[in-house]
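Engineer: kindly generate the corresponding structure for this input.
(2 chains)
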There are 2 protein chains.
Amino acid sequence: MSVEPESLEALIAEFSNLPGIGHKTARRLAYHVLSKPKADVERFATSLTNAADRVHPCPKCHAFTDLDTCSTCTSRAGAKSLCVVEKSSDIMPFERSGVFKGLYFVLGGVISPLDGIGPENLHLPQLVARIKDEGIEELVLALGSSPEADSTSLMIDRMLAGTNVKRTRLARGIPMGSDLEFVDEVTMLRAFEGRVSL
Amino acid sequence: MSVEPESLEALIAEFSNLPGIGHKTARRLAYHVLSKPKADVERFATSLTNAADRVHPCPKCHAFTDLDTCSTCTSRAGAKSLCVVEKSSDIMPFERSGVFKGLYFVLGGVISPLDGIGPENLHLPQLVARIKDEGIEELVLALGSSPEADSTSLMIDRMLAGTNVKRTRLARGIPMGSDLEFVDEVTMLRAFEGRVSL
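Structural biologist: Coordinates of the predicted model:
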């Protein structure tokens, strides 16, 4: 026998659909939400529908935006550097560090035959068109560090062979503040291979 | 400069309000939600408002319900055992184990002067009234194992001194499947003190 009301069960099911949220956490969240004033829950629901209604991929860079063209594509129009990321949420770390003042492009994933993601599922033609249309001079490939990301970067690199576009990728090594004792083998291998003279 | 649309930021803020969800996880959840079809997001939003609209505390036991009186209070009317829990979500473990066939009562918290929760914030008068009205014979105090819960149990015990109501509390000891090596001191102390002969 279940003692939970049906509408509560439905809410628990919705929370369970979120990544990294198991059934127990979903229950805790749903009970928490119901312990709040009704106005708070309404505001949560409204923010969900608002975000779904207003946010869409920018037609130029495919990052999430609620404008016709995203603020970055507009304010940095004319920049000659383009940073290619896998997904929209990968842009924030660049912006937080303030290190990059160029344009972004969201590829929409990396090639992964096991997951059924081929080149045709990515925004590759749009990327090539944008590089050409806007006269991009440097392409920073920032597609993560999985083998799939590596081979996708390699493919993009080959697609642009014979053009004047400079292709770079992010440096790999020991992250800030990490204890050498706990660094994994691949990171260590790459950090050692990429060592620089003092 | 923020590259995130305002409605996305609002959604992240809502997720951050949930217990155990930090800003980074909130961002991940919000981006995940936006990557889903709009119909899924609408369904999530509807389940939030539905739950907030329909679910309310049962007037008899204060557990969440979407009925006038909750199904447990109705189907087990006349039972003479009453299990007192802190919050609505504490009922489920009892129902899952199937060990208890009596009624429940949600106290709404435990006395905690540091958090500003005194006896007047709990459903104590309603508890006493229900015990009297329904001729409850056994009260199972299942208020958790914090010092605050203990003193609340003690207070309820004293309130019922001089009545014929039997008061019990859950046994304390080593939980099922736990490794003795990792059992904390207080649990060990209680398990040892409460040892039973074979």
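Engineer: pretty sure residue A:70 is touching residue A:60, no?
Structural biologist: Yes: taking contacts as CB atoms under 8 Å, residue A:70 lies within contact range of residue A:60: 7.3 Å. Backbone N, C-alpha and C define where each C-beta goes, glycine included.
Engineer: those two - which one has more neighbours?
Structural biologist: A side-by-side neighbour count of residue A:70 and residue A:60, using other CB atoms under 10 Å in any protein chain shown, places residue A:70 first with 27 against 21.
Engineer: could I get the full set of helices for chain A?
Structural biologist: A:6-16, A:23-34, A:38-54, A:71-75, A:91-97, A:124-133, A:147-159, A:185-193 (DSSP state H).
Engineer: just checking, what packs against the shortest one?
Structural biologist: Same thing as helix A:71-75. Using 3 or more CB pairs under 8 Å, 6 or more residues apart in numbering or on different chains; DSSP states H and E, the elements in contact with helix A:71-75 are strand A:103-106.
Engineer: mind listing what the strand it packs on pairs with, with the direction of each?
Structural biologist: According to DSSP bridges, strand A:103-106 has the following sheet partners: strand A:81-85 (parallel).
Engineer: before we move on, the earlier item: okay if I get the helices of chain A as TSV plus mean pLDDT and distance to residue A:111?
Structural biologist: Shown next, in TSV, are the helices of chain A (pLDDT from 0 to 100; distance: least, CB to CB, whole Å):
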stretch	mean pLDDT	distance to residue A:111
helix A:6-16	94	30
helix A:23-34	94	33
helix A:38-54	95	28
helix A:71-75	93	25
helix A:91-97	88	21
helix A:124-133	95	9
helix A:147-159	92	5
helix A:185-193	84	20
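Engineer: got the buried residues for stretch A:8-15?
Structural biologist: Buried residues in stretch A:8-15, counted by 16 or more other CB atoms under 10 Å in any protein chain shown: A:8, A:10, A:11, A:12, A:14, A:15.
Engineer: centre-most residue in chain A?
Structural biologist: Centroid check for chain A by CA atoms, centre = their mean gives residue A:87 as the closest residue, at 2.7 Å.
Engineer: pretty sure that residue contacts residue A:104?
Structural biologist: No: look at residue A:87 against residue A:104 with CB under 8 Å: they stay out of range, at 11.0 Å.
Engineer: returning to what we had before: quick one: which of the helices of chain A is nearest residue B:179?
Structural biologist: helix A:23-34 (20.7 Å; CB to CB).
Engineer: measure how the closest one sits relative to helix A:6-16, angle-wise.
Structural biologist: 120 degrees (axes from the mean of the first three to the mean of the last three CA atoms, to 10 degrees).
Engineer: who touches helix A:23-34?
Structural biologist: Under the contact criterion CB atoms under 8 Å, 6 or more residues apart in numbering or on different chains, helix A:23-34 has outside partners A:8, A:11-16, A:18, A:21, A:41, A:44, B:18-21, B:48, B:51-52, B:55, B:64, B:87-89, B:92.
Engineer: okay, the angle between it and helix A:38-54?
Structural biologist: 110 degrees.
Engineer: chain center to helix A:23-34, what's the gap?
Structural biologist: Put simply, helix A:23-34 sits 27 Å off its chain's centre (CA atoms, centre = their mean, to the nearest Å).
Engineer: same deal with stretch A:78-85?
Structural biologist: With CA atoms, centre = their mean as the basis, the mean position of stretch A:78-85 lies at 15 Å from the chain mean.
Engineer: buried ones in that stretch?
Structural biologist: For stretch A:78-85, by 16+ other CB under 10 Å, it's A:79, A:81, A:82, A:83, A:84, A:85.
Engineer: same check on stretch A:125-132?
Structural biologist: Buried residues in stretch A:125-132, defined by neighbour count with 16+ other CB under 10 Å: A:126, A:127, A:130, A:131.
Engineer: please list all residues in contact with the residue nearest to the first one when sequence neighbours are not counted.
Structural biologist: Excluding the flanking residues, the one nearest residue A:126 by CB to CB, 6 or more residues apart in numbering or on different chains is residue A:62, at 7.5 Å. Contact criterion CB under 8 Å, 6+ apart gives A:88, A:105, A:106, A:107, A:108, A:123, A:126 as the residues in contact with residue A:62.
Engineer: burial of residue A:173, as a residue count?
Structural biologist: Should you count by other CB under 10 Å, residue A:173 turns out to have 17 residues around it.
Engineer: save the buried residues of stretch A:78-85 as CSV, and put in pLDDT too.
Structural biologist: As requested, these are exported to CSV (pLDDT from 0 to 100):
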residue, pLDDT
A:79, 94
A:81, 94
A:82, 95
A:83, 94
A:84, 95
A:85, 94
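Engineer: of all pairs in those, which one is the farthest apart?
Structural biologist: Across the buried residues of stretch A:78-85, the longest distance by CB to CB is 15.4 Å; it joins A:79 and A:85.
Engineer: between the two ends of stretch A:151-170, what distance do you get?
Structural biologist: Start and end residues of stretch A:151-170 are separated by 15 Å (CA to CA, to the nearest Å).
Engineer: what residues sit buried inside that stretch?
Structural biologist: Judged by neighbour count using 16+ other CB under 10 Å, the buried positions of stretch A:151-170 are A:152, A:153, A:156, A:159, A:160, A:165, A:167, A:169.
Engineer: so what touches it?
Structural biologist: A:84, A:107, A:110-111, A:119, A:122, A:124, A:127-128, A:131, A:136-143.
Engineer: again, 6 Å this time
Structural biologist: Stretch A:151-170 has contacts (CB atoms under 6 Å, 6 or more residues apart in numbering or on different chains) with A:110, A:111, A:131, A:138, A:139, A:140, A:141, A:142, A:143.
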